[in-house]
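A.B. asks: When you get a sec, could you give me coordinates for this:
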Amino acid sequence: MAVPASLAVVGLPYPAVLLPGASLALPLDRAAVDALASTLDPKDPHPRLAAVPLVPAPDGAPGPSPRLHTHGVSARATQLVRASARAPQSFVLTLRAEARIRLHPPAPDDKHPAVAGHSVRRLRVSALADTPPAPETVHAFKAAALKLLDRLAHDGAQGQRRRDAWARLATLVENADDARAPGVADALVAMLGVEYNDKLHMLTLEPNALLAHVTALLVKHSTTLGIAQSMTSSLNRQQREHFLRQQLAAVRAELEALQKSADANASSGSADLDAPADESDPDGMQELRKKIERLAQGTEERRVAANEWKRLKRIPSASAEWGVIRTYLDWLTSLPWPASAPPPPPPHASLPTPQFLARARAQLDEDHYGLERVKRRLIEYLAVVRLLETQADALTPPPQKQRTAKGPILLYVRPVPSRPRAKNSDCSYCLCRKRFIGPPGTGKTSLGASIARALGRPFERIALGGVRDEGEIRGHRRTYVAAGPGAIVQALRRAGRVDPVVLLDEVDKVGHGNFQGDPAAALLEVLDPEQNHTFTDHYINFPVDLSQILFICTANSLDTIAPPLLDRCEIVQLSGYTSHEKTHIARRFLLPKLLARNGLPHDRLHLSDDVLQELVHRYTREAGVRGLERAVAGVVRFKAVEWAESGDGPGVVAAPSDALVTPVDALATPTAAAPARPTDAPARPTDAPAPPTDALAAARKPYNPRVLVDDLEAILGVARWDPDEREREARRGVVYGLVVTGMGEGEVMPVETIAVPRGGAGGAVRLTGSLGDVIKESGELALSWVKTHAYDLGITSSPSHDPLAVREIDVHLHLPAGAQKKDGPSAGVAITCAFVSLLTGACVPADVAMTGEITLRGRVTPVGGIKEKVLGAHRAGIRKVILPHANRKDVMHDVPEDVREAMEFAFVRTLREGLEEAFGRGVLGWRAGVGLMHTRL
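C.D. replies: Below is the predicted model:
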């Protein structure tokens, strides 16, 4: 085949070698395409050029690297396309090789220097001699080729399609004449994948020498294949697997070398993501062994891991048990063990104790507003932690465990190494199992995160709501399919330390015991300080030390928690917020967060205290602030829409239009000029936005960042709670009691009674409103007390008369909201006042509410939930609250001072005192001589 005297030379990057008859896709950038276009004939649709390998210089050899080889091939450029739409400057050039050529040194006046990184130039070339090969050489080549192809066609390790391809190639070799034999040899070498140096040597050979060289390569390849097949057939399954893995490692190593060479001149912007794994350890076994070796000597985890490692080495990797043991070892070596990975010193270790406590107090104040009693208890805990940290090195007595006089806070003293040590005796921190009890939205979960930040420990949250399986806590045994450790061990692994802060969220919603076990019972070992240093997870199957973990539980109610589990924790009550606290929280925490979330600048919205108070009182009535956050978010979104639509809103910046890129169809197109656009064609739209019309400008209104109280109804709709509800009317037989809802919120509930005509014998009482047995008994107690003291109250004219029988009436008692279940020992005082009001005609003022239980002798006994009830009464506008005298301490300790100052509290010991406080002194006509002692009988 005739070859031009000079050709444009394109260097092929290592390890690409193009043989005659083969095709190659060569990636080029814009500079290389422009260089080719400048050296080729633009009239030739498929120009011819020289494809020469770029040979890297040996290590330490002088001279440029890489360099052009002395031989190559002449090739036709069949196609030039863009690599992808995302890379408009990258192209792919397809070459088809024709004949071998030899390069000649460039002339001194060469005007086509090499393009940087691409070695594109025009050089003088000459074709190699195309003499026919000798018949005996062709015969030897065919014999070696057919022997190798027969082995490949009958190799069971290859697929059926591959074997069929080898059989067709054998037919082609057998039918080829002497003139076509060199071309068949090139094609066969390209399919077999010979080494790089052999391919370079083949470029320098004439047909006869080429066939002789290829024959030697085929004989060598056939011999190697025969030895591999004989070895494979004699190996057992495990040996065959090892042999194949070694081959796979060799192939991967070669591919990695090729990839590094191909990407030598490319910048890697994501090297951390694209970096190949350690090919010398494809299964990660060596890394796993290193993890086991890092476990502390003599520990239980080291002994178990070593035994499992020995089992793993004896089991074939194809076995299902191999995967089970490997997963178990991964879990075992990734857990933080006290002896192998002791906790690092906290970041505040260098701070003096006063500065540490001040820093912790500032952290709590920054994250939460109010909750002073809770913060005080947390500061006490942190102070104990700090004292133990600073004094741990000086404590040298024998290992002992000290229990404080109050509360379940345990202090552990660092042991002396010479004496036997308990598993949990090396913890120098005080351990505290706290349980935060309070309504939703009061900051229980976020308090746990604040404690973790103050201590410098990792924070992990475990949601226990709806957990019904004991295995979720203790894990599942390895005998089960897809077994794994429990939530406690998983949290320990995520934390990466032995002393994290773990929050057990919604522990009151854990499922009760069933056939899958009792999760609450499993939590006993987790929270019990006498047991959690040897907590046994079913998956790990040996003790795990949890003694250094700070566990914090949250719940909305104590009623559904098992008493043994409740006994393991210290109860910290989180009651609802006052209206003042809610207003401050909305301005300091909620509003900045919602402004940032909705893309509104902080100076684009102004909410006065009156607006926030309106949101608190009329649009939300809850113990927490979640409903308040939703209401404020509605206002923020409304103003965001106004600001975006107004003339003062942010401008719209048009994005620049994409550049029009014409695909390269031929090598001459990069320098061709684009045709001019016809004069009658429509103009291309500009990037600048068209100015608004007068109608649009008139429709835009100036933005007003201020929100008034009168605007809330247009933004949020009609208020859920109307202010007229606070103006309750004082009516006969109606009083207002205080209750705590199932979500922990205090509310005011009316107790309604009416007299109905007698049915049957008369004197009966009917109770409605989804009442429980305790409230029903309270109603019967109240009615019996009123009947007994009807003469003293002036209801009957004789102590022996029944007030209901005399009037021939029955009494109907009802508590509204019948769809809600109601029960609890706190409605006795309110029911008694309702009966007295009904029978005497006196009315209790509508701004008076009460709570308390009674006895048959007329004593008023203490009740719970005082803070929640008082806050609920304060939200409802109650002026005076009647409480049992025994709950006086709860009001003084728990109720905020601003609420105590805004309300009047009456503490009573007997029903006589309660009636006087409810109706007013002198309103009820007590008969002369009937005093306090009589009411106590």
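A.B. asks: can you pull out the helices in the stretch 51-200 of the chain?
C.D. replies: With DSSP state H, counting those that start in this stretch, the ranges of helices along the stretch 51-200 of the chain come out as 135-153, 160-175, 181-192, 196-203.
A.B. asks: what's the neighbour count on Asp508?
C.D. replies: Using other CB atoms under 10 Å, the number of residues around Asp508 comes to 21. Just so you know, the C-beta spots here come from the backbone N, C-alpha and C atoms, and that holds for glycine as well.
A.B. asks: Out of the helices of the stretch 51-200 of the chain, which is the most enclosed?
C.D. replies: helix 181-192 (a mean of 20; mean count of other CB atoms under 10 Å).
A.B. asks: Now do the buried residues in the longest strand along the chain.
C.D. replies: Longest strand in the chain, counting residues (DSSP state E): strand 87-103. Neighbour-count burial for strand 87-103, counted by 16 or more other CB atoms under 10 Å, picks out 91, 93, 95-98, 100-101, 103.
A.B. asks: what's the answer for stretch 559-576, then?
C.D. replies: So, applying 16+ other CB under 10 Å, buried residues of stretch 559-576: 561-562, 565-566, 568-569, 572-576.
A.B. asks: about what we covered before: can you check which of the helices of the stretch 51-200 of the chain gets nearest to Asp710?
C.D. replies: helix 160-175 (79.8 Å; CB to CB).
A.B. asks: Return the list of strands paired to the helix or strand in which Val10 is found, each annotated with direction.
C.D. replies: In this assignment (DSSP states H and E), Val10 forms part of strand 6-12. Paired strands of strand 6-12, with direction, are strand 48-55 (parallel), strand 121-127 (antiparallel) (DSSP bridges).
A.B. asks: Go through these and find the least confident stretch.
C.D. replies: Sorting the strands paired with strand 6-12 by mean pLDDT places strand 121-127 lowest, at a mean of 78.
A.B. asks: Identify each buried residue in that strand, please.
C.D. replies: Across strand 121-127, burial judged by 16+ other CB under 10 Å covers 121-123, 125.
A.B. asks: How about stretch 210-218?
C.D. replies: For stretch 210-218, by 16+ other CB under 10 Å, it's 210-211, 213-215, 217-218.
A.B. asks: Any regions of the stretch 601-750 of the chain where pLDDT drops low?
C.D. replies: Within the stretch 601-750 of the chain, the ranges that satisfy pLDDT under 70 run 647-700, 721-727, 742-744.
A.B. asks: how about the helices of it, start to end?
C.D. replies: Secondary structure of the stretch 601-750 of the chain (DSSP H, counting those that start in this stretch): helices at 609-614, 626-645, 694-699, 712-716.
A.B. asks: Pipe those into JSON lines and attach distance to Gln247 and mean neighbour count per row.
C.D. replies: Formatted as JSON lines, those follow (distance: least, CB to CB, whole Å; neighbours: other CB atoms under 10 Å):
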{"stretch": "helix 609-614", "distance to Gln247": "73", "mean neighbour count": "18"}
{"stretch": "helix 626-645", "distance to Gln247": "62", "mean neighbour count": "18"}
{"stretch": "helix 694-699", "distance to Gln247": "72", "mean neighbour count": "9"}
{"stretch": "helix 712-716", "distance to Gln247": "71", "mean neighbour count": "15"}
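A.B. asks: Which one of the ones you listed lies nearest to Thr70?
C.D. replies: Short answer: helix 626-645, nearest of those by CB to CB, at 69.9 Å.
A.B. asks: Would you mind pulling up the elements that the closest one packs against?
C.D. replies: Applying 3 or more CB pairs under 8 Å, 6 or more residues apart in numbering; DSSP states H and E, one finds that helix 626-645 contacts helix 591-597, helix 712-716.
A.B. asks: what sits up against the last one?
C.D. replies: I take that to be helix 712-716. Counting by CB atoms under 8 Å, 6 or more residues apart in numbering, helix 712-716 makes contact with 611, 614-615, 618-619, 631, 634-635, 638, 707, 719, all of which sit outside it.
A.B. asks: Also the first one?
C.D. replies: Outside helix 591-597, the residues that touch it by CB under 8 Å, 6+ apart are 601-602, 604-605, 607, 629, 632-633, 636.
A.B. asks: go again using 10 Å as the cut-off
C.D. replies: Under the criterion CB atoms under 10 Å, 6 or more residues apart in numbering, residues 585-586, 600-605, 607, 612, 629-630, 632-637, 639-640 lie in contact with helix 591-597.
A.B. asks: Just give me the longest helix of the protein.
C.D. replies: Identified as the longest helix of the chain according to DSSP state H is helix 207-234.
A.B. asks: Strands of the stretch 801-937 of the chain, start to end?
C.D. replies: Chain-ordered strands for the stretch 801-937 of the chain, with DSSP state E, counting those that start in this stretch as the definition, fall at 809-814, 848-850, 853-854, 860-861, 880-884, 904-908.
A.B. asks: do the stretch 251-400 of the chain as well
C.D. replies: Secondary structure of the stretch 251-400 of the chain (DSSP E, counting those that start in this stretch): no strands present.
A.B. asks: how about the helices in it?
C.D. replies: With DSSP H, counting those that start in this stretch applied, the stretch 251-400 of the chain shows helices at 271-274, 285-293, 300-314, 320-334, 353-367, 372-391, listed in chain order.
A.B. asks: The second one - contacts with which helices or strands?
C.D. replies: When you say that, I think you mean helix 285-293. Applying 3 or more CB pairs under 10 Å, 6 or more residues apart in numbering; DSSP states H and E, one finds that helix 285-293 contacts helix 300-314, helix 320-334.
A.B. asks: do that again at 6 Å, thanks
C.D. replies: In terms of contacts (3 or more CB pairs under 6 Å, 6 or more residues apart in numbering; DSSP states H and E), helix 285-293 is packed against helix 320-334.
A.B. asks: what does the longest strand of the chain rub up against?
C.D. replies: Contacts to strand 87-103, defined as CB atoms under 6 Å, 6 or more residues apart in numbering, come from residues 1, 3, 18, 20, 22-28, 30, 33, 51, 70-76, 78-83, 123, 125-128, 203, 661.
A.B. asks: Quick check: which ranges of the stretch 751-900 of the chain have low pLDDT?
C.D. replies: By pLDDT under 70, the weakly predicted segments of the stretch 751-900 of the chain are 759-763.
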